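Colleague: no letters, just coordinates:
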């Protein structure tokens, strides 16, 4: 039997997607569009999920940043990834700024896991390590300060 309420079908699909992981409005909209649901139904479903608290971009932001930082990604990369998910800079910036004091510790942890405690053997190795940290999304100035740290 076919569901007579198309909104209910869209809501059920969206809830299944949200059960697997947090999504932003943009991500959920894209996935529902790919299923060829009507745009007004998608908007209505997403608005209802937000009102219920099932879709919460602040919660997505907090979990995503914490998870990515622990995995060794820096604020520049995380900001970019969140932007691709459709989160606004107004939502992202305060959370990343609040973690300002933590980024150096995340960088140090990643560095130690990747390179150990041995200092770079030469300038080429120094540059290689710096490029790796940049690709992970850490700011250049933070990397310079870290790599020039006095030996403990």
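Modeller: Nice, I can see it. Predicted model, so just to flag it, every value in this text is computed and none were measured. Numbers count the residues shown, from 1 in each chain.
Colleague: low pLDDT regions in the chain?
Modeller: 1-4, 149-152 (pLDDT under 70).
Colleague: show me it divided up by domain.
Modeller: The domain map for the chain lists 6-55, 57-152, with the assignment taken from automatic domain parsing.
Colleague: kindly reformat those domains as TSV containing mean neighbour count.
Modeller: (Each C-beta comes from the backbone N, C-alpha and C, glycine too.) Converted to TSV, the domains of the chain look like this (neighbours: other C-beta atoms under 10 Å):
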stretch	mean neighbour count
domain 6-55	16
domain 57-152	14
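Colleague: check which helix or strand covers the closest residue to residue 145 other than its chain neighbours.
Modeller: Nearest residue to residue 145, sequence neighbours excluded (C-beta to C-beta, 6 or more residues apart in numbering): residue 104, at 7.8 Å. In this assignment (DSSP states H and E), residue 104 forms part of helix 103-115.
Colleague: one more: residue 93?
Modeller: Assigned by DSSP H and E, residue 93 belongs to helix 89-98.
Colleague: show me what that helix is packed up against.
Modeller: helix 57-70, helix 75-84 (3 or more C-beta pairs under 8 Å, 6 or more residues apart in numbering; DSSP states H and E).
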